[in-house]
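Undergrad: Got a sequence here, can you model it:
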Amino acid sequence: MDGVLVHEAHPIPGADRFLASITEAGLGYLVLTNNSMFTARDLQARLRGSGLDIPAERIWTSALATARFLDSQRPGGTAYVVGEAGLTTALHEIDYVLTERSPDYLVLGETRTYSFETITKAIRLIRDGARFIATNPDPTGPSTEGLLPATGSVAAMITKATGIEPYYVGKPNPLMMRTGLNRLGAHSETTVMIGDRMDTDMIAGLEAGMDTVLVLSGITARADIERYPFRPTAVVASVADIQVGQDLRAL
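TA: Here you go, the predicted structure:
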């Protein structure tokens, strides 16, 4: 989503036409984000405010992927959540009970209100046996004022205090890609991952068996590509340069 369709609440030029061309071709798509703060309906409203009309069912967040994972591992379980409505709503929808009394899981997500008290509670619950899950490993997130500490940074602090690493569900874990493919009813061999980050989007698509397209409208510059041992299938300036039905290797 960020860096591909929008940039700080402003639509990437041509993003609306690109999405329309997918729909006109009768193809499916999902808009992915590692941000777990908002529900799909919240993000639908925010995107609409940016001029992009995307149905809520087309939005796949790390919170939704985390809920899907927990439901597959321990149906009807319990969790203590450090996060916002996007994550708590996703867990409620799979009939999880949110509690601080001996929860099955400590689930860490994005929030703008990390507190010493909450982090202390998380550390103690993990030390007492709660399994440590984090929605994504992103160390920082964007804001209009600059970078903000994100889930990965807080997870690192909790790991330092407990000695326990979390299981990250979101990108670059290909699990988020595979659950998204299942939601679409699609196969990796006929699906393309379009993203703006080599370290999350491109590697997640690659490890899930998909072709990948790197757009330079977000965080990655063309010169950055050579730093990585893997390459995207194609590199374009933005989604406006992608034609539905075109051979990616011709881009």
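Undergrad: From now on I want contacts and neighbour counts done on CA atoms only, so please keep to that.
TA: OK.
Undergrad: what number of residues lie near Gly185?
TA: Per other CA atoms under 10 Å, the neighbour tally for Gly185 reads 9.
Undergrad: Distance of the residue nearest the centre of the chain relative to Lys171?
TA: Compute the mean C-alpha point of the chain, and by CA atoms, centre = their mean the closest residue is Asn34, 2.1 Å away. Relative to Lys171, Asn34 is positioned 7 Å away (CA to CA, to the nearest Å).
Undergrad: residue ranges for the helices of this protein, please.
TA: Here the chain has its helices, by DSSP state H, at 15-24, 40-49, 62-73, 85-93, 116-127, 151-162, 174-184, 203-207.
Undergrad: Out of those, the one nearest Val244 is which?
TA: The minimum distance between Val244 and the helices of the chain falls on helix 15-24, with 6.5 Å, by CA to CA.
Undergrad: what about that closest one, average pLDDT?
TA: Confidence for helix 15-24, expressed as mean pLDDT, is 96.
Undergrad: Buried by neighbour count: which residues of it qualify?
TA: Within helix 15-24, the residues that qualify as buried are Ala15, Asp16, Phe18, Leu19, Ser21, counting by 16 or more other CA atoms under 10 Å.
Undergrad: Could you point out which of the helices of the chain sits nearest Pro103?
TA: helix 116-127 (7.7 Å).
Undergrad: Rounded mean pLDDT for the closest one, please.
TA: So the average pLDDT for helix 116-127 ends up being 97.
Undergrad: Need the nearest residue in space to the residue nearest to the centre of the chain, chain neighbours excluded.
TA: Computed as CA to CA, 6 or more residues apart in numbering, the closest residue to Asn34 that is not its neighbour in sequence is Ser62, at 4.8 Å.
Undergrad: Now do the contacts for Gly195.
TA: By CA atoms under 8 Å, 6 or more residues apart in numbering, Gly195 lies in contact with Met1, Gly3, Val4, Asp201, Met202, Thr212, Val213, Leu214, Val215.
Undergrad: I figured the fourth one hits Pro174, correct?
TA: By that I understand Asp201. No: if you go by CA atoms under 8 Å, Asp201 and Pro174 don't touch, sitting 9.6 Å apart.
Undergrad: Between those two, point out the one with more neighbours.
TA: Neighbour tally, Asp201 and Pro174, criterion other CA under 10 Å: the higher count belongs to Asp201, 24 against 20.
Undergrad: for that one, what are its contacts?
TA: Lys171, Pro172, Met193, Ile194, Gly195.
Undergrad: Wait, Gly218 touches Pro11, no?
TA: No: if you go by CA under 8 Å, Gly218 and Pro11 don't touch, sitting 11.7 Å apart.
Undergrad: joint contacts of these two?
TA: By CA under 8 Å, 6+ apart, Gly218 and Pro11 have no common neighbours.
Undergrad: OK, contacts around Val6?
TA: Contact analysis of Val6 by CA under 8 Å, 6+ apart lists Ile12, Ala15, Ser50.
Undergrad: How about Leu91?
TA: Counting by CA under 8 Å, 6+ apart, Leu91 touches Ala67, Val97.
Undergrad: now the contacts of Asp201 in JSON lines, with pLDDT and distance to Thr118?
TA: Formatted as JSON lines, the contacts of Asp201 follow (pLDDT from 0 to 100; distance: CA to CA, whole Å):
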{"residue": "Lys171", "pLDDT": "94", "distance to Thr118": "25"}
{"residue": "Pro172", "pLDDT": "94", "distance to Thr118": "26"}
{"residue": "Met193", "pLDDT": "96", "distance to Thr118": "36"}
{"residue": "Ile194", "pLDDT": "97", "distance to Thr118": "36"}
{"residue": "Gly195", "pLDDT": "96", "distance to Thr118": "33"}
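Undergrad: quick one: which of those has the most company?
TA: Counting neighbours by other CA under 10 Å, Gly195 leads these with 30 neighbours.
Undergrad: where does the stretch 1-150 of the chain dip in pLDDT?
TA: Within the stretch 1-150 of the chain, the segments meeting pLDDT under 70 span 142-144.
Undergrad: Great, nothing more from me.
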